[in-house]
Structures are given as structure tokens and as C-alpha cells.
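1. requesting a structural model of the entry that follows:
(chains A and B)
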Amino acid sequence: MSAAQNIIAPPMEARGILTQFGANIVHENLDFRVEKGEIVGLVGGSGSGKSVLLNTMLGLKDPEGGVIRYFGRDRRDLSDEERADINNDMGVLFQGGALFSSLTVRENIMVPLREHTDLPVSLMRELADMKIHMVGLPAQSATLYPSDLSGGMKKRAGLARALSLDPKLLFLDEPTAGLDPVGANAFDELILGLREAMDLTILMITHDLDSLYTICDRVAVLVDKRIAIADSLPKVQQYDHPWVKEYFGGPRSRAALTAGKT
Amino acid sequence: MSSNAISDPAEYELSQAGRVVTFRAVGDWTLKNIGPIDPVLLSELEALDYDKVHYDFSAVTEMDTAGAFVFARAVRLGPGDRNDWEVVQGSKGQRTLMQAAAESVWGEPPKVTRQWYDSLTRIGIASDRFFSELFETIAFVGKFFSVFFRLILRPRQIRWKSVVALIEEIGLNAAPIVMTLCFFIGAVIAYMGANLLASFGASVFMVDLVGVSVLRELAPIITAILIAGRSDSAFTAQIGAMKMRQEIDAMTVIGLDTFETLVVPRALACLVSLPILTFLGMMSGIFAGMLIAWTGGMDISPALFLTRLNEVVGVKSFWVGMVKTPFFAIIIAVIGCRQGLAVTGSVESLGSRTTQSVVQSIFAVIAVNAVFAILFYKMGI
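-> Numbers count the residues shown, from 1 in each chain, chains lettered A, B, ... in the order given. Down below sits the predicted model:
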């Protein structure tokens, strides 16, 4: 089994993806890959299909054409059991946190553990508390319900749940949207720290230019129904496309750039 | 990809030199493996007496946060503080992970709050909630009427568009089900009466029975209960969802009065719909009685049925039934809207408020109906 899993194969690779809703083509001939250990930022205009791409990569939606490979293996060739294993190697932080509102934060984090491991409950509880600490939430928040948390805390709790099975690949959907700059910076730091501690590969959809400048190793740009360029930030900024020029040449971007350099 | 690779079992060796325990770990220390080994390790560590822990990870093939947690807990079990540990053999990644884990295990665990007097507290909280619920309902009714009468005096401010849309939803769409149900009820009463009264040879009295029971009680109460179940839950769910998505807050900030825009139109729609529905229900119930009387083997012709209905039941029973419907309408609208506005952020509260709203409104409809019965009896109507 492990022989089939190429050690150097990228954790996630999409080739020739075609997505369409009726006559409306969202992605066409889209190629994209995430290498092990890197943080990739995915940018694109509103309505360019970033969230659809995320859902496709997560396996929530099957593309109309093309191949998705996880760790070098075609998704369609996987047995149900292998699919479940690979799902456990992926964690997602949805935009609003998507915490289960009827469970406390600790119980939320324990849900994947309960489902996929047979640890004693007391150990699960302690592991959940550890994850709560790792994402920088106060210990007392373990017994709170999601409705008692602020937006930033919800995101952290959602991240703790995404990390509860120690995934190798982490998807973040606009992790810093709705956070104040201080909270957003802290969240960026947290992501960097977690990557180092847990050896994560991270794909994040973001509009936050500061995040792109400070934590992303590569930036992928989704325009014209495909990933036009996925490279380090300076190269992406040189890329000749009106939307990309406008995106990285705008006043916000320049401000973030100078802030990122100092 | 540890998950489908064949994993090495987690093993360990503890050796003590002076006050230092050396923790040599072997194999995969991951979420999948630590379950069985954890209690053994814990009891073994508890038996030892030490100050400092040295970790040797040279033979560890894989380690995740769960493994690191189990390692780091060894430090907590000792009498020393959080820095009394060292990774003597291990990679950089393992050291980082251990650092994070060691920080985490030293956090204060949240307090367990279960106490023997918890059940007493719950009784207290429940009674408190009951009284505050009562108080808030009364306050809501008061506020409702003040806004309601203000708007009645200035009808141009009423949102007629939404009133009409709501009448369609509450009244028109419910008409078939109300009529069908009342038809069944009327038929059942007719059969029961016919059977019972035939033994006295007084089958013709079934007309009185059907007329009085359907007009005075059954049609109004069945309609009210049906609308309470059907529209009241819709009111609570609609307004509750708006509350959850902060639409209500947005309206307040923009300067829209929630009573004016949400509650009063619903109340007006109920006030218009309920009497009409009740009337339809009455007709359908009487029609069912007439049909049974004619075809059910009692040979009471429709003409005879109607003549007798006119003579003995009269229009009084009709008005007795009708006069109750506006009260039911207000009850249903007010309870539905009040519960909807009481929804807080969570999905759970939306569910419990919807349940409460239906239970409360059906309860209130039946209770108010009983009050009316006593009142009419005392008045001799």
C-alpha cells in the first residue's frame, strides 16, 4: 500500500478540472498543485469560483472533468476505506467556523476523535483541551457553546476541530476575514506556528493581502476559469493580466507590501 | 501517510538515573496507537518518583500531537515545573512539537461544575424562567396593543402589502385543510348523535347537536388549533431566522419598528383570516351533518334539516362561535411573534422556541375557549 504512495507526490493535485453548472462554465482546464509543507494562498475575484474549487478539492463536489489526486493517488480509484483515511488526513476550516451549535467547543473538537479513534473519553477530552490551547483559546472556552464565542474565537475553535485528527493537509477558507488586524495578524502567526509544529501543508483562500505577503510561500491566482499563475509573490506581481495588475497594484496592496517589508 | 502505511506499534522504555527519568520511545506515537498504551504508561509513571524527564526520540518513526501530549504529560506528573524536561535525542520537528505540547498540558483544566445541589439550581432556574416568561409575554402583549391601536388610528402606516401576502399564506392556503377537517368532525358528530338519539326515537335532535356543537365550539377551536400549529410555527421560524441573521438588529438600526413591520401585519392577517376560516369550517361542518342526516339512514331531508336548524339553533350560536375568533387570532399572532423575537443565536434555541410557541398558543387557545364557555354560561347565552 505504502509503495503506491509516492513519498514525494504532492498532497493535493488537480489536473484539467472542468466544472460547470448548466451552461455556465466555472473552471475549464484548471491545473493546480500543492507541494508538501508549503502554504499556498488562493486568490481570485468574487464569483470566480474559489469556493467551488475548494469544495471540489475537498471531495464535496465531483468535477465534470479532470482528475484530483491526493498524495499521488487518483480520487476515483480509492476504495471507501481509503477515502475515509485520506479524509482524516485533511482538515478544513470553513468561513464561519461551521461549529456544531448544539455542542460545546470541547465536544466539537472531540467529534472527529469519537468518530475515528477508540481512545478513552478522558484522553480525548485532554487532547481536545490541548488543541484548544494550541490554537490560543483560553482553557475556559472548552465548556462554552459556539454562540457564546466571538467571531475570532469561533475561527480558532473551528481550526482546533480541523486539527483534531492531526491532518497533513489543511484547507482554510478566508481564515482572517472578519477579524480585526491584530486578530488577523495573530491568526497568521498561529498558522505559521502550527505548520512548524505539526508539519502541515496549507491551502488558504484569502483576500487578506497581509496574509499573502507575510505567510504564503506561493500565491495561486484564479482568473479566466483557470489558475493563471501559481508562484512566489514577486513573480505573481509581474504577471501580465489586467486583473492581477489591478489586484496587486492597487493602493491596498502597496500598503500591505510596505507594511510587510518593514 | 501514516494512515494506510503499516504502522509500528508504540513502545517505550523508562529508566531512572538519580532524579532523572529517561523516556525512550520507539515506533509510531500517533493518535491511532496511543489508545491502548496510555493507561499502562500513566500508571507506570505515577509509580515513579522523579524531578526531570529526558526524552529520547531516536527510534520514533512517527509522532503527532497526540503522541506529544502523552510524552509531555510525564512532566506534569512530576513535582517540578514546566521546564523540567529535555529532548536529548530527536529531530527539530519533534522538539517543536514537544514544546507546543508541553505548553499545552500546563494549562489549567477547566473546572468541573457538577455539584449535588445542581438539581436544586435547575429547579430554581426553571421557576425563574417560568415567571420571567410570563412577565415578558404580558409586557409583549402590552407593547403590541399600544402599537396596534396607534396604527389603527393611522391606517396609512400599516404595511398593507405584507398584510395581504400574509392573508394569502395564513388564510387562503389553509382553507382547504380547515374545511376538510371540519367536514370530518361534523360527520363524526352527526353519526354519533344519530346513533345515540335513535335509541330514544329522537333522531331529529341530531340537527341541534350538530348545529350547536359545530357552530359554538368545534369549528372555532379546530380552526384556531390548526392555525396555531400551521402559522404560529411559521411565524416563530421566520422571525427567529431573521433574528439569527441579525436582520432584526439591522431593522432596528435603520429605524424600522419590529412591531410595526413584523408583528402587527401578522396580527392583522390573523384577524382577517381566522373569522373567514372559521366561517368556512362551520359551513363545511354543517354541510357534513346535513349530508349524513340525509344519506345516513335517518331520512332527514336537507329542507327539514335547515328548517330545524333555523328554529332551534338560530343565529345566536353562530355569533357565539364567531365572537371568539378575533381573540384566538391575536393569541396566535402574539405568541408566534414573541417566541420568534426571543430566539437567540443558536439553532437549538430556534427549535425550542418554535416548539414552545406552538405549545403555548394551543394551550392558550383552549384555555381562553374555556373562559368563554364559563362566561357565556353565566350570561345565559
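2. contacts and neighbour counts: CA atoms only from here.
-> Will do.
3. is it true that residue A:170 touches residue A:205?
-> No. Using CA atoms under 8 Å, residue A:170 is not in contact with residue A:205; the gap is 11.3 Å.
4. higher neighbour count, the two?
-> When neighbours are counted by other CA atoms under 10 Å in any protein chain shown, residue A:170 and residue A:205 differ, and residue A:205 comes out ahead with 25 against 22.
5. would you list the phi and psi of the more buried one?
-> Main-chain dihedrals, residue A:205, degrees, to the nearest 10: phi -80, psi 130.
6. swap in residue B:15?
-> phi -130, psi 140.
7. contacting residues for the closest residue to chain A within the stretch 151-300 of chain B?
-> For the stretch 151-300 of chain B and chain A, the shortest gap (CA to the nearest CA) falls at residue B:244, measuring 10.4 Å. With contacts defined as CA atoms under 8 Å, 6 or more residues apart in numbering or on different chains, residue B:244 is in contact with B:343, B:344, B:345, B:346.
8. joint contacts of residue A:170 and residue A:205?
-> Common contacts of residue A:170 and residue A:205, defined by CA under 8 Å, 6+ apart, are absent altogether.
9. hmm, back to that, now that we have the contacts of residue B:244, which one has the most neighbours?
-> Neighbour-wise, these (other CA under 10 Å) top out at residue B:343, 24 neighbours.
10. does it count as helix, strand or coil?
-> coil (DSSP: H, G, I helix; E, B strand; the rest coil).
11. quick one, what contacts it?
-> Residues in contact with residue B:343 (CA under 8 Å, 6+ apart) are B:240, B:243, B:244, B:349, B:350, B:353.
12. which SSE is the residue at minimal distance from the centre of chain A in?
-> Central residue check for chain A by CA atoms, centre = their mean: the C-alpha nearest the mean position is that of residue A:171, 1.7 Å away. Element membership of residue A:171, judged by DSSP states H and E, is strand A:169-173.
13. wait, what's in contact with the nearest residue to residue A:93 once chain neighbours are set aside?
-> Leaving aside its sequence neighbours, residue A:93 sits nearest to residue A:172 (CA to CA, 6 or more residues apart in numbering or on different chains; 4.9 Å). Applying CA under 8 Å, 6+ apart, we find residue A:172 in contact with A:92, A:93, A:94, A:95, A:202, A:203, A:204, A:205.
14. beta partners for residue A:172?
-> Using DSSP bridges, the beta-bridge partners of residue A:172 come out as residue A:93, residue A:204.
15. rebuild the contacts of residue B:244 as TSV, extending it with pLDDT and distance to residue B:219.
-> Converted to TSV, these look like this (pLDDT from 0 to 100; distance: CA to CA, whole Å):
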residue	pLDDT	distance to residue B:219
B:343	90	32
B:344	84	36
B:345	74	38
B:346	76	38
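16. just flag the most distant two among these.
-> The span of the contacts of residue B:244, defined through CA to CA, is set by B:343 and B:346 at 7.9 Å.
17. any weak-confidence spans in the stretch 151-300 of chain B?
-> Residue ranges of the stretch 151-300 of chain B with pLDDT under 70: none are present.
18. all the helices of it, residue numbers only.
-> Assignment of helices within the stretch 151-300 of chain B using DSSP state H, counting those that start in this stretch yields the ranges B:160-170, B:175-198, B:206-212, B:219-227, B:233-244, B:247-254, B:258, B:264-295.
19. reformat these as a markdown table; add distance to residue A:246.
-> Supplementary listing: the helices of the stretch 151-300 of chain B in a markdown table, determined by distance: least, CA to CA, whole Å:
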| stretch | distance to residue A:246 |
| --- | --- |
| helix B:160-170 | 45 |
| helix B:175-198 | 59 |
| helix B:206-212 | 78 |
| helix B:219-227 | 57 |
| helix B:233-244 | 37 |
| helix B:247-254 | 33 |
| helix B:258 | 43 |
| helix B:264-295 | 49 |
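20. so which of these comes closest to residue A:162?
-> Ranking the helices of the stretch 151-300 of chain B by distance to residue A:162, with CA to CA as the measure, places helix B:233-244 first at 24.8 Å.
21. residue A:105 against residue A:149, yeah?
-> No. At 9.3 Å, residue A:105 and residue A:149 do not qualify as touching, with contact defined as CA under 8 Å.
22. run through the strands of the chain in chain order.
-> Reading this off chain A. A:12-21, A:24-34, A:39-44, A:65-70, A:73-74, A:90-93, A:169-173, A:201-205, A:218-223, A:226-231 (DSSP state E).
23. wait, chain B was what I had in mind.
-> For chain B, the strands identified by DSSP E occupy B:11-17, B:20-29, B:52-63, B:85-89, in order along the chain.
24. distance to residue B:368 added to those, as CSV?
-> Formatted as CSV, the entries for those read as follows, by distance: least, CA to CA, whole Å:
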stretch, distance to residue B:368
strand B:11-17, 73
strand B:20-29, 67
strand B:52-63, 68
strand B:85-89, 73
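25. of all those, which lies closest to chain A?
-> Taking CA to the nearest CA as the criterion, chain A comes closest to strand B:52-63 out of the strands of chain B, the separation being 9.3 Å.
26. near chain B, which residues of chain A? Just list them.
-> Of all the residues in chain A, those in contact range of chain B (CA under 8 Å from any CA of the partner chain) are A:1-2, A:5, A:82, A:85-86, A:89, A:101-102, A:117-120, A:127, A:129-131, A:133-134, A:139-140, A:142-143, A:147, A:165-166, A:196-199.
27. and those, which are buried?
-> Neighbour-count burial within these applies to A:85-86, A:89, A:101, A:119, A:127, A:129-131, A:133-134, A:139, A:142, A:147, A:165-166, A:196-199; the criterion is 16 or more other CA atoms under 10 Å in any protein chain shown.
28. what about the residues you listed, which are in helices?
-> Among these, the members found in helices (DSSP state H) are A:85, A:86, A:127, A:129, A:130, A:131, A:133, A:134, A:196, A:197, A:198.
29. quick check, nearest of these to residue A:181?
-> Of all those, the one sitting nearest residue A:181 is residue A:134; the distance, using CA to CA, is 20.5 Å.
30. identify the residue spatially nearest to that closest one, adjacent ones excluded.
-> For residue A:134, ignoring the flanking residues on the chain, the nearest one in space by CA to CA, 6+ apart is residue B:104 at 6.5 Å.
31. kindly report the same for residue B:85.
-> Using CA to CA, 6+ apart and skipping residues adjacent in sequence, the residue nearest residue B:85 is residue B:53, 4.7 Å away.
32. equivalent analysis for residue A:124, please.
-> Counting by CA to CA, 6+ apart, the nearest residue to residue A:124 once its immediate chain neighbours are dropped is residue A:110, at 6.4 Å.
33. what's the burial count for that neighbour?
-> Neighbourhood size, residue A:110 [other CA under 10 Å]: 23.
34. contact partners for it?
-> Residue A:110 is in contact with A:124, A:125, A:128, A:161, A:164, counting by CA under 8 Å, 6+ apart.
35. I'd like those laid out as a markdown table, including pLDDT.
-> A markdown table is the format used below for the contacts of residue A:110 (pLDDT from 0 to 100):
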| residue | pLDDT |
| --- | --- |
| A:124 | 87 |
| A:125 | 87 |
| A:128 | 88 |
| A:161 | 90 |
| A:164 | 86 |
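36. from those residues, pick the one nearest residue A:24.
-> Of all these, residue A:24 sits closest to residue A:161, with 34.8 Å by CA to CA.
37. dump the residue contacts of the closest residue to the closest one other than its chain neighbours.
-> Leaving aside its sequence neighbours, residue A:161 sits nearest to residue A:109 (CA to CA, 6+ apart; 4.3 Å). Taking CA under 8 Å, 6+ apart as the criterion, residue A:109 is in contact with A:128, A:157, A:160, A:161, A:162, A:164.
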